[in-house]
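S.K.: Sequence and computational prediction follow.
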Amino acid sequence: MDYKQWAKQFAEIGAELGEKHTLSDLLFTILTEVRRLTSSDAGSIYRVVERDGEQYLKFELAQNDSMDLPVPENNLLDLNKKSLAGYVAVSGEILNIDNVYNMPGELPCSFDDSFDKKYGYRTKSVLVVPLRNRKREVKGALQLINRKKDFTLTCQGTEVIPYSSQMAELVPALASQAAVAMERAQLEESVQNMLESIIQTLVEATDRRDRVTSGHSRRLAGYATELAEKINEVDYFPWSGVKINEEQKKSIYYAGLLHDIGKLAVPESILNKINRVPAEKMEALRYRFYYLQSAGIIEDAGAIIKNLESINESPYVDGSKIEFLKELQQRRFIKPGGDEARMLTPEEYKHLSVQKGNLTAEERNIIESHALASHEILTGIEWTEELKSVPKIAGAHHEKINGNGYPRGLSGDEIPLSARILAVVDIFEALTAQDRPYKPPRSIEETRNILNAEAESGALDAALVDLFFQEKIYKKKV
């Protein structure tokens, strides 16, 4: 046995493990390299897991050069000494068996030959070692099966030989190195899961405050991810050669989910404003004009109130309605206490005379401040290195290519591609949403015309708008 060669391979495997980040990648690399190093035909990895307060041995991965492996029916085993892997995981001892069909009688564990019988495989030599973490705690077991005289051949093409005592001494050291890498990957996985749960909680909190647009962020994130994926697939101008890697796609997805998180800082009365004037203030107007009629000051309270209610609920107020409101505001009457008052106060006039939508200029500024608030809220999160661009992307989803957007008035290449993607799908989703009580959804053709007009004006990235509709991203299930 060449110890120098083993030491060199140990170092190479350690370096390779350091480059793997996901648990599945780590497990695959661990088993592949250890089998290669020991010339094993097959092998499997078991990990100690907890379910409902009980510990089990989870069958994580199996490899076999001599046959295609079936999908396991049950990947959880009782954590006890009855099986080979269970014995090692519980006792922390190493099992090195030359022939599992002729095992030492003093061992409390036994070989389960059901796999061999069912699939016609012949297990012979087995080496099972514990997976220990830095604290020397056993976190699983690595099982190697059928050491071959020639690793390049199947068991049918070469002799199956026992594992040497030197291998039984050295493999645990490599297994421990692998266990440490696994523990690191599990920690990263748990941090990722925690981040996911925090993000979902924040999205749900935003949805609860803004019930009118509930679900918007999830749909937007889905469209944005699909559009980013399509950029990688197409090979025509200007997207040929443009690639969005997995970390960038993940950042786009999270930024899409959280782009409206700044709405948590917007007063609910503005965020959920349906009409120009809220119901309680309209009720006060009704009382006022019925009083004026009862006092003989006016004769047409019902017609005035009907006109005011129509204006309050209308998506657009034309010039004749504005003149009507101006006339009401200019008319005065004497209150019972002797003070003079306007029939329509300046505040009421300001809200009712909003020509498009229901927000005054001041309220619109407050709504628009959510983009800056999103950036500030998200900047307060300790993002991982791969996700550090999420605040910038989310905070720039209302910036325009021509510089007329907000909150910072960025233009052109100052706006990252990821934020330009969000800008396109944000408008598309808002226009086509089925759940807005204040407006019917626009058709795809109408929406396409609106987005094309925005692109022609220099507000949106024209190439992204073209790609979105040309590749029918809107048909994707998100």
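M.R.: Now that the structure is in, tell me what you want to look at. Numbering: from 1, shown residues only.
S.K.: Poorly predicted segments of this protein, please.
M.R.: Judged by pLDDT under 70, the chain has its weakly predicted residues at 1-21, 71, 73, 178, 181, 185, 210-214, 435-438, 477-478.
S.K.: domain parsing for it?
M.R.: The record's domain split for the chain, according to automatic domain parsing, is 3-188, 210-269+363-475, 279-358.
S.K.: residue ranges for the helices of the stretch 151-300 of the chain, please.
M.R.: 165-209, 216-233, 246-258, 268-271, 279-294 (DSSP state H, counting those that start in this stretch).
S.K.: Not counting sequence-adjacent ones, nearest residue to residue 340?
M.R.: Excluding the flanking residues, the one nearest residue 340 by C-beta to C-beta, 6 or more residues apart in numbering is residue 332, at 5.4 Å. C-beta: built from backbone N, CA, C; applies to glycine.
S.K.: From residue 334, how far off is the residue in the chain sticking out farthest from the centre?
M.R.: Distance to the chain centre peaks in the chain at residue 296, reaching 63.8 Å (criterion: C-alpha atoms, centre = their mean). Using C-beta to C-beta, to the nearest Å, one obtains 12 Å as the distance from residue 296 to residue 334.
S.K.: rewinding a little: out of the domains of the chain, which is closest to residue 198?
M.R.: Of all the domains of the chain, domain 210-269+363-475 sits nearest to residue 198, with 7.8 Å by C-beta to C-beta.
S.K.: Tell me the gap between that closest one and the middle of its chain.
M.R.: Chain-centre distance of domain 210-269+363-475: 15 Å, with C-alpha atoms, centre = their mean, to the nearest Å.
S.K.: Repeat that for stretch 128-139.
M.R.: 33 Å.
S.K.: Could the C-alpha coordinates of it be exported in CSV?
M.R.: Coordinates of the C-alpha atoms in stretch 128-139 are reproduced here as CSV (Å, rounded to 0.1, in the frame of the first residue of the first chain):
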residue,chain,number,x,y,z
VAL,A,128,-18.1,0.3,7.6
VAL,A,129,-16.7,3.3,9.4
PRO,A,130,-18.2,6.0,11.6
LEU,A,131,-18.6,9.6,10.4
ARG,A,132,-17.4,11.7,13.3
ASN,A,133,-17.6,15.5,13.6
ARG,A,134,-15.0,17.9,15.2
LYS,A,135,-16.3,16.9,18.7
ARG,A,136,-15.7,13.2,17.8
GLU,A,137,-19.5,12.6,17.9
VAL,A,138,-20.7,10.0,15.5
LYS,A,139,-23.0,11.6,12.9
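S.K.: Give me the contact list for it.
M.R.: Stretch 128-139 has contacts (C-beta atoms under 8 Å, 6 or more residues apart in numbering) with 45, 47-48, 84-85, 87-90, 92-95, 140-144, 168, 171-172, 175-176, 178-180, 182-183.
S.K.: Pretty sure residue 403 sits against residue 411.
M.R.: Yes - Residue 403 lies in contact with residue 411 (C-beta atoms under 8 Å); the separation is 3.5 Å.
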